[in-house]
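# Take a look and give me a structure for this.
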Amino acid sequence: MDLHFGDSKPTDEERAAVDALLGPPESSWEGADRSDADLRWARGGREARDRRDLLLPGLHAVNDRIGWISDGALDYLCRRLTVPPAEAYGVATFYAMFSVKPRPATVLQVCTDLACAAAGAPELCAGIEARLGPGSGVSVERSPCLGLCERAPAALAIRAGDPVRTAVSAPATVEEAVLAASAPDSAPEEPPAALAVPQAGQDGLMLLHRVGVVDPASLDDYRAHGGYTALRRAFELGPAGVIREVTDSGLVGRGGAAFPTGRKWQATASQPDHPHYLVCNADESEPGTFKDRVLMEGDPYALVEAMTIAAYATGAHRGHLYLRGEYPRALRRLEHAIAQARARGLLGDDILGQGYAFDIEIRRGAGAYICGEETALFNSIEGYRGEPRSKPPFPVEKGLFGKPTVENNVETLVNVLPILTIGAPAYAAIGTDRSTGPKLYCVSGSVERPGVYELPFGATLGDLLGLAGVREGLRAVLLGGAAGGFVRADELDIPLTFEGTREAGTTLGSGVVMAFDDTVPLPRLLLRIAEFFRDESCGQCVPCRVGTVRQEEALHRIVERTGADAAGDIALLREVGRAMRDASICGLGQTAWNAVESAIDRLGAYE
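Residues are numbered from 1 along each chain as shown. Sure thing, here's the model as predicted:
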């Protein structure tokens, strides 16, 4: 490994930020004072490589303390981890939340994605920028979806320091967003997670029944409402028994791919290579998606328990929870829940006296939609750019750190709890033969009661929008988020199942349902989707890297040539879309054309 360090030196504050994470340097090679350390000694080989995964937490440590990452700070972090600075620079510039150029200590992210754009985000941004003006000490950044779609428009203020301070303003006004940026500690407290669940407290809920009912900070309250019953049942069944129950339940992944969960667990558990790892994908970055945030904020112990069960079944003793960097309250709730579970013997070396060891480490993302793809997520945890890997080998064989890994999202894991408490047959009886159990839907846009809804598979789109109170003048509904597809207002009888949406020529995805009335300019909405994919493409493969740019360019031309013939650009869009779908490495490029195509074919967007 050839390491070329520059002449830049870290400030005392930057050095302190890195040392707080890694401990003091042990040799001059790592940056210690030469008077009390030996320059000739350095980590090398496996020991050095084993520390590479601390690169992302190290970048967070500097960015949180200073607000940006200087050459000196990056060089010092690289010395500590024996990482080439050129590679670390590539990682630091991969994520939207990091900056390698000087900027103010306070950053105000204003969401300009689909739900917020329809709720007036452009006017909000203009008002904030006019109010703050130059020299305010606040950097205003237009942001992709912040996962606060039920309270659109949304803004997130982050002030660097020790500790870093955050404040959320949603629904945001100019005054409240400016207050959040200028005085994060004085900003109004976020409303409880239960306000994002219109059904909170209703009978019959399985996944949301504790949200708004229990204190999310209290382990005792969680256990009083059935918490850790499922884990005790898992220990009675044994690992093979747990996998059999999950398989018989018909549970499939709730992140969009719908892969059978029991098969994934069995494939991982049967691998002879050890150790095995468990990864919880809590990096929900699909525009319009916020269900995992609500679960983590309103019922964090449920996720801790579910991860423990999944790890026990698959033979994992270490779990990584990869959490969106834009979810500060979820981070606080989960850190508290993990600490409490560890203190009470529900995580650690001997869980519930069963001789089974398991613990969870939280890893924060830093603003990269592509890291929702499982192999890109593994690369991110390992300290590399979050670029997808080619398959095979599949994660169940070689996943995180090259070892067998099971990866599930938050909603999928939380479904395991009712499976073990009511039994696989009872769970499988919910929904339809091919789509079993309950499903969470993120409803936003032109509805009276936006939020997370729980319904059994098989309910229709009209049933769901009826609960949410769809407004008059409904023009279209976007299913599955930016990677999904539009349906018309006269297609509300579509059954909300994986097979039903496929037969209707659309997708259920992760459960995004965004309603748009006739006041929303559809061409501008499609252009925003194209801009999103252009920004979020990791650039690794040509079809996606070039195709997303060409798609945005064509849509710009169509929007700017109001009334002109768009046939030529639509033909180009189809050609580019087919190339991306057929040749891109991962799902981002493969689905980047879906929403635009459906808007052209089903809605007549440019007629």
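# Buried residues of the longest helix belonging to the chain, list them for me.
Counting by DSSP state H, the longest helix found in the chain is helix 229-249. Using 16 or more other C-beta atoms under 10 Å as the test for burial, helix 229-249 gives 230-231, 233-235, 237, 239, 242-249. Every C-beta, even on glycine, is put in place using the N, C-alpha and C of the backbone.
# Check which helices and strands it is in contact with.
helix 261-269, helix 300-314, helix 410-422, helix 424-428 (3 or more C-beta pairs under 8 Å, 6 or more residues apart in numbering; DSSP states H and E).
# could you say what helices and strands the third one packs with?
For helix 410-422, the packing partners by 3+ C-beta pairs under 8 Å, 6+ apart come out as helix 229-249, strand 276-282, helix 291-298, helix 300-314.
# So which of these is nearest Val168?
Among these, the nearest to Val168 by C-beta to C-beta is helix 291-298 (11.1 Å).
# What lies in contact with that closest one?
147, 192-194, 196-197, 207-208, 210-212, 216, 282, 284, 302-303, 323-324, 327, 329-330, 333-334, 409-411, 414, 440-442, 452, 510-511 (C-beta atoms under 8 Å, 6 or more residues apart in numbering).
# Quick one: buried ones out of those?
By 16+ other C-beta under 10 Å, the contacts of helix 291-298 give 147, 193-194, 196-197, 207-208, 210-212, 216, 282, 284, 302-303, 323-324, 327, 329-330, 333-334, 409-411, 414, 440-442, 452, 510-511 as buried.
# Just the residues you listed: which are in strands?
Ala282, Leu323, Asn409, Leu440, Tyr441, Cys442, Val452 (DSSP state E).
# would you list those in CSV and tack on distance to Ile158 and pLDDT?
Formatted as CSV, these follow (distance: C-beta to C-beta, whole Å; pLDDT from 0 to 100):
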residue, distance to Ile158, pLDDT
Ala282, 19, 97
Leu323, 15, 98
Asn409, 25, 97
Leu440, 28, 97
Tyr441, 30, 97
Cys442, 24, 97
Val452, 25, 98
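# what's the closest of those to Val520?
The closest of those, once distances to Val520 are taken by C-beta to C-beta, is Cys442, at 17.6 Å.
# List the contacts of that closest one.
Cys149, Glu150, Gly288, Thr289, Phe290, Lys291, Val452, Ser510, Gly511, Val512, Val513.
# Does Arg142 belong to a helix, a strand or coil?
strand (DSSP: H, G, I helix; E, B strand; the rest coil).
# who's it bridged to?
Val110 (DSSP bridges).
# where do the helices sit along the stretch 401-550 of the chain?
Secondary structure of the stretch 401-550 of the chain (DSSP state H, counting those that start in this stretch): helices at 410-422, 424-428, 461-468, 498-503, 522-536, 542-560.
# now the ones you listed as a markdown table including mean pLDDT and distance to Val174?
Shown next, in a markdown table, are the helices of the stretch 401-550 of the chain (pLDDT from 0 to 100; distance: least, C-beta to C-beta, whole Å):
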| stretch | mean pLDDT | distance to Val174 |
| --- | --- | --- |
| helix 410-422 | 98 | 33 |
| helix 424-428 | 97 | 48 |
| helix 461-468 | 97 | 28 |
| helix 498-503 | 92 | 39 |
| helix 522-536 | 94 | 21 |
| helix 542-560 | 94 | 27 |
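# Out of those, which is the most enclosed?
helix 410-422 (a mean of 24; mean count of other C-beta atoms under 10 Å).
# show me the contacts for Glu531.
Glu552.
# Would you quantify the distance from it to Pro134?
25 Å (C-beta to C-beta, to the nearest Å).
# just Glu361 next, same as before
Distance from Glu361 to Pro134, by C-beta to C-beta: 41 Å.
# Pick out whichever of the two has more residues nearby.
More crowded of Glu361 and Pro134, by other C-beta atoms under 10 Å: Glu361, with 13 against 5.
# does the nearest residue to the more buried one once chain neighbours are set aside sit in a helix, a strand or a coil?
Closest residue in space to Glu361, ignoring its immediate chain neighbours: His320 at 5.5 Å, by C-beta to C-beta, 6 or more residues apart in numbering. Put simply, His320 is strand when judged by three-state DSSP.
# that older thread, which two from the ones in strands among the buried ones among the contacts of helix 291-298 end up farthest apart in space?
Across those (C-beta to C-beta), the longest gap, 21.8 Å, separates Leu323 and Tyr441.
# returning to that earlier point: for Leu377, find the nearest of the helices and strands packed on helix 229-249.
Across the helices and strands packed on helix 229-249, closest to Leu377 is helix 410-422 (C-beta to C-beta), at 13.3 Å.
# Quick one: name whatever helix or strand follows the lowest-mean-pLDDT helix or strand in the chain.
Ranked by mean pLDDT, DSSP states H and E, the helix or strand of the chain with the weakest confidence is helix 45-49, at a mean of 68. Counting by DSSP states H and E, the next helix or strand C-terminal to helix 45-49 is helix 55-66.
# Which other helices and strands does that following helix contact?
So helix 55-66, by 3+ C-beta pairs under 8 Å, 6+ apart, packs with helix 12-22, helix 71-81, helix 85-92, strand 359-364.
# could I get these as CSV with mean pLDDT?
Shown next, in CSV, are the helices and strands packed on helix 55-66 (pLDDT from 0 to 100):
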stretch, mean pLDDT
helix 12-22, 96
helix 71-81, 95
helix 85-92, 96
strand 359-364, 98
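# Switch these over to CSV; also include distance to Pro260.
Shown next, in CSV, are the helices and strands packed on helix 55-66 (distance: least, C-beta to C-beta, whole Å):
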stretch, distance to Pro260
helix 12-22, 39
helix 71-81, 39
helix 85-92, 34
strand 359-364, 24
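# quick one, which of these is nearest to Leu464?
strand 359-364 (32.2 Å).
# Taking strand 276-282 as reference, get the angle to the closest one.
40 degrees (axes from the mean of the first three to the mean of the last three C-alpha atoms, to 10 degrees).
# So for strand 359-364, what gets flagged as buried?
Asp359, Ile360, Ile362, Arg363, Arg364.
# That strand pairs with which strands, parallel or anti?
strand 316-323 (parallel).
# Where does the residue nearest to Trp593 when sequence neighbours are not counted sit: helix, strand or coil?
Leaving aside its sequence neighbours, Trp593 sits nearest to Gly577 (C-beta to C-beta, 6+ apart; 3.1 Å). Following three-state DSSP, the label given to Gly577 is helix.
# Looks like Gly577 contacts Glu597 (just checking).
Yes: contact criterion C-beta atoms under 8 Å: Gly577 and Glu597 qualify, at 5.9 Å.
# and the residue nearest in space to the middle of the chain, what does it touch?
Most central in the chain under C-alpha atoms, centre = their mean is Asp283, positioned 1.7 Å from the mean C-alpha point. The neighbourhood of Asp283, defined by C-beta under 8 Å, 6+ apart, consists of Tyr322, Leu323, Arg324, Gly365, Cys371, Gly372, Leu377.
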